[in-house]
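A.B. asks: mind looking at a prediction? Sequence and model below.
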Amino acid sequence: MPVGNDVVDLHDPDNQPDAIHPRFDRRVFSDSEIELIEAISTVPDRHILRWTLWAAKESVFKLVQQGNESIPFRPRSFETRLPAADRAEVTFDGSVYPVVLDITEQRIHAVARTSETVPASGIDQPARQPNSADASMLVRAQAARVIGERLGIEPEDIEFTGKIPRATHDGKRLPVDVSLSHHGRFLAHAVLWAAVFLAVPLAGCSSPTEPDTVTAVARAVWQAQGIDSYRFDYERFCFCAFIGPVRITVEDGAVVAVESLVAERPTMPDVATFPTFDDLFDELAAAEASDPVRFDVVFDPLKGYPVSASVDISFQIADEEFSFGITSFEAIEPVPSG
């Protein structure tokens, strides 16, 4: 789940109305955006609107570039609407991306996302305005503090690699997406956790200070529950013969019964072909280890088991992607044998 953010220092000398090129607006804004700017009568208000539109565009560009680094920044192709003072909607390549705006007299901060999950974001203003190299170092340290506090890692042990920053620890990518921005006097970050369960304390995780992958952390939370017998409704979407929905019953860690939930009952495969939660964790762990192009997985915030997944290993392969959803989970008592 990628995220993007951009910060604009409204008092930076290089972006003042008398400093920008006369044709700047025509180069970067669509006709409808120019109409919005020209409808503002005062120069200070027009200045704020101009850079609000710019920050929204830039934040969405950073978001979509996380999925495809080859996308060029052509500002006019990112068209912005402002339905509210604290919110923008940016359309790019047929998709609409929500953007949260935080605007003061001093600066504008825009945070873009692709889902209802709210990123953690923040702004720092160092006591002395940093140069570009120092600002890049400081904003990474800022994001490392946020990530380290959440995951129990010392900030100095977190590194950012690549043109598009990826947070890593001991050479392994951490389960977060990160966007970094700095301009003038301000440093800004946005961090989006790869799974909803990371938004709550991981009580019961066997190794909270040494996370491995998002799937490994979730599996540790699930295993800490000590639940070996349970029932859940399951539906799968993939290039496979049977997708459900079905109700799966697991006792002592093994599937013992599968019931179809559709009106016209199909011929059921053998129960051994249906997954337990351990099987799904194995599948997700293998997919995550293969550096997939999409790994959107949500885990239960209390028990850790997977609630939904949408995984694509490679854009070049047509039959390896899969999705599934789980509902109506309940722990049960196993039926006594004999």
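C.D. replies: It's in. In this text, all values refer to a predicted model and were calculated from it rather than measured experimentally.
A.B. asks: now residue 32: which helix or strand?
C.D. replies: Assessed by DSSP states H and E, residue 32 sits inside helix 31-38.
A.B. asks: off-centre distance for that helix?
C.D. replies: In terms of CA atoms, centre = their mean, to the nearest Å, the centre of helix 31-38 is set 31 Å apart from its chain centre.
A.B. asks: what packs against it?
C.D. replies: helix 24-28, helix 43-67, strand 79-84 (3 or more CB pairs under 8 Å, 6 or more residues apart in numbering; DSSP states H and E). C-beta coordinates here come from the backbone N, C-alpha and C atoms, glycine included.
A.B. asks: of all these, which one is nearest residue 244?
C.D. replies: helix 43-67 (29.1 Å; CB to CB).
A.B. asks: how far off centre is that closest one?
C.D. replies: Centroid separation for helix 43-67 versus its chain: 20 Å, with CA atoms, centre = their mean.
A.B. asks: before we move on, what about stretch 152-169?
C.D. replies: From the chain centre to the centre of stretch 152-169 is a distance of 16 Å (CA atoms, centre = their mean).
A.B. asks: picking up where we left off before, possible to save the helices and strands packed on helix 31-38 as TSV with mean neighbour count, mean pLDDT and distance to residue 284?
C.D. replies: Output for the helices and strands packed on helix 31-38, formatted as TSV (neighbours: other CB atoms under 10 Å; pLDDT from 0 to 100; distance: least, CB to CB, whole Å):
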stretch	mean neighbour count	mean pLDDT	distance to residue 284
helix 24-28	14	94	42
helix 43-67	21	95	20
strand 79-84	16	96	36
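A.B. asks: any chance of those in CSV, plus distance to residue 273?
C.D. replies: Converted to CSV, the helices and strands packed on helix 31-38 look like this (distance: least, CB to CB, whole Å):
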stretch, distance to residue 273
helix 24-28, 55
helix 43-67, 33
strand 79-84, 48
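A.B. asks: quick one: closest of those to residue 143.
C.D. replies: helix 43-67 (13.5 Å).
A.B. asks: packing partners for that closest one?
C.D. replies: With contacts taken as 3+ CB pairs under 8 Å, 6+ apart, helix 43-67 sits against strand 3-9, helix 24-28, helix 31-38, strand 79-84, strand 87-92, strand 95-103, strand 107-113, strand 176-183.
A.B. asks: could those go into JSON lines alongside distance to residue 61?
C.D. replies: Output for the helices and strands packed on helix 43-67, formatted as JSON lines (distance: least, CB to CB, whole Å):
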{"stretch": "strand 3-9", "distance to residue 61": "7"}
{"stretch": "helix 24-28", "distance to residue 61": "12"}
{"stretch": "helix 31-38", "distance to residue 61": "15"}
{"stretch": "strand 79-84", "distance to residue 61": "11"}
{"stretch": "strand 87-92", "distance to residue 61": "8"}
{"stretch": "strand 95-103", "distance to residue 61": "10"}
{"stretch": "strand 107-113", "distance to residue 61": "9"}
{"stretch": "strand 176-183", "distance to residue 61": "10"}
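A.B. asks: to residue 140, which of the ones you listed lies closest?
C.D. replies: With CB to CB as the measure, strand 176-183 is the member of these nearest residue 140 (6.6 Å).
A.B. asks: now the angle from that closest one to helix 43-67?
C.D. replies: 150 degrees (axes from the mean of the first three to the mean of the last three CA atoms, to 10 degrees).
A.B. asks: could you list the low-pLDDT ranges of the stretch 101-250 of the chain?
C.D. replies: Under the criterion pLDDT under 70, the flagged ranges of the stretch 101-250 of the chain are 115-118, 194-212, 238-243.
A.B. asks: still on that earlier bit, mean confidence score for the helix holding residue 32?
C.D. replies: Mean pLDDT, helix 31-38: 95.
A.B. asks: and the angle for that helix with helix 43-67?
C.D. replies: Between helix 31-38 and helix 43-67, the angle comes out at 150 degrees (the same axes, to 10 degrees).
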